[in-house]
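Student: Got a predicted model here, sequence first, then my questions.
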Amino acid sequence: MTGRRAISLAISAVCVAGGALIAATGLAGPDKISFPEGFEKGVLYAVVDRHDTKQYRELYSTPEAVKAVREGKPIPHGTVLTVVQYGAKSDDKGVPVRDAKGRFVKGDLLGYRVMAKRKGLGTE
């Protein structure tokens, strides 16, 4: 497994665990997590094709978070993870179009998801 793939899997696992934690405790509103301006200048650490929803997703984080995961350390408090969701472009039969590498082709922007790690976040 390549280093980049291992990092992607490790951070994706954190995202899944974090998503489960958020789902279990409730969703945080804009008073808890603010939209991370300039997130796209961070590290694009994974691109995911979601076959179940026909989506193309880009996952961004900070260089510090990626470095921590790479070194086997916890993701630092203050880290924000951003998932940008796009519909996959589809052919006339509704089948997602794939690029030369077999990945979905990015279509229209559908939305954003933001997760943050901060001391005390979600305790109330």
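Tutor: Right, received. Where do you want to start? Numbering: from 1, shown residues only.
Student: name the element Met115 belongs to?
Tutor: Assigned by DSSP states H and E, Met115 belongs to strand 106-116.
Student: elements contacting that strand?
Tutor: In terms of contacts (3 or more CB pairs under 8 Å, 6 or more residues apart in numbering; DSSP states H and E), strand 106-116 is packed against helix 3-25, strand 55-61, strand 80-88. (Glycine included, C-beta is placed from N, CA and C.)
Student: after the first one comes which helix or strand?
Tutor: What that stands for is helix 3-25. Helix 3-25 is succeeded, C-terminally, by strand 43-50 (DSSP H and E).
Student: how about that next one: buried residues?
Tutor: 43, 45-46, 48-49 (16 or more other CB atoms under 10 Å).
Student: Quick check: neighbours of that strand in the sheet, parallel or antiparallel?
Tutor: Using DSSP bridges, the strands paired with strand 43-50 are strand 55-61 (antiparallel).
Student: and the partner strand, which residues are buried?
Tutor: By 16+ other CB under 10 Å, the buried positions in strand 55-61 come out as 55-61.
Student: For it, the averaged confidence score.
Tutor: For strand 55-61, the mean pLDDT works out to 96.
Student: If you average pLDDT over each of the helices and strands packed on strand 106-116, which is lowest?
Tutor: Looking at the helices and strands packed on strand 106-116, the bottom one is helix 3-25 with a mean of 44.
Student: ok so, going back, tell me the average confidence for the strand holding Met115?
Tutor: For strand 106-116, mean pLDDT rounds to 93.
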